[in-house]
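Q: can you look at this prediction? I've put the sequence above it.
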Amino acid sequence: MKKVISTKNAPAAIGPYSQAILSNNTLYCSGQIAINPTTGNLVMENITSETNQVMQNILAVLTAADMDFSNVVKCSIFMKDMNDYAAINEVYAKSFEENPPAREAVQVSVLPKNVNVEISVIAVK
């Protein structure tokens with residue numbers, strides 16, 4: 001069973017993909033970048049504000065599936081510059097104060113819309 005999860009409280013997909021797919025009790029969330037869903041503009045003043053917007057977008061998708069960060073079991077963080085790792089971690093950690101999920105964090109050469117960070121998650125009810 002596959003159900004598309006979509007919310008106007010997170011940016012619309014910018015390609016042929018869904019914001020998230022719920023299959024059985026597992027939610028597979030597409031990567032989120034720092035697009036403000038209200039304005040459609042990128043939030044890129046600094047890596048902290050950019051990561052905050054990414055996490056807000058992820059929470060909006062989780063909420064649309066009646067979940068929150070406590071349901072997340074796996075995260076993937078893609079960043080343009082590993083020097084941003086500590087600042088990204090500082091923001092990220094606020095969402096996972098107890099029992100943080102498994103994850104990987106990798107540096108990549110380029111991300112959609114030339115952003116600095118993209119994060120995807122898998123969550124379970």
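A: Here it is on my side, so go on.
Q: am I right that residue 61 is in a strand?
A: No. Judged by DSSP: H, G, I helix; E, B strand; the rest coil, residue 61 forms no part of a strand; its state is helix.
Q: and it, how many residues sit next to it?
A: By other Cβ atoms under 10 Å, 24 other residues sit near residue 61. For the C-beta atoms, the positions are set from N, CA and C on the backbone; glycine is no exception.
Q: shouldn't residue 3 be in contact with residue 22?
A: Yes. Taking Cβ atoms under 8 Å as the definition, residue 3 is a contact partner of residue 22 at 4.5 Å.
Q: out of these two, which sits in the more crowded spot?
A: residue 22 (21 against 12).
Q: what about the more buried one, helix or strand, and which?
A: Assigned by DSSP states H and E, residue 22 belongs to strand 20-23.
Q: partner strands of that strand, parallel or antiparallel?
A: Strand 20-23 has the following strand partners under DSSP bridges: strand 2-5 (antiparallel), strand 26-32 (antiparallel).
Q: and among those, the most buried is which?
A: strand 26-32 (a mean of 21; mean count of other Cβ atoms under 10 Å).
Q: ok, and what's touching it?
A: Strand 26-32 is contacted from outside by 5, 10-11, 13, 17-22, 54, 57-58, 61-62, 65, 67, 71, 76, 78, 118-125, using Cβ atoms under 8 Å, 6 or more residues apart in numbering.
Q: I'd like the average pLDDT over it.
A: For strand 26-32, mean pLDDT rounds to 98.
Q: and stretch 64-82, by the same measure?
A: The average of the pLDDT scores along stretch 64-82 is 98.
Q: quick one: that stretch to chain centroid distance?
A: 5 Å (Cα atoms, centre = their mean, to the nearest Å).
Q: gap between the two ends of that stretch?
A: Using Cα to Cα, to the nearest Å, the end-to-end distance of stretch 64-82 comes out at 31 Å.
Q: follow-up on the earlier one: pull out the buried residues from the strand holding residue 22.
A: By neighbour count on 16 or more other Cβ atoms under 10 Å, the buried set for strand 20-23 is 20-22.
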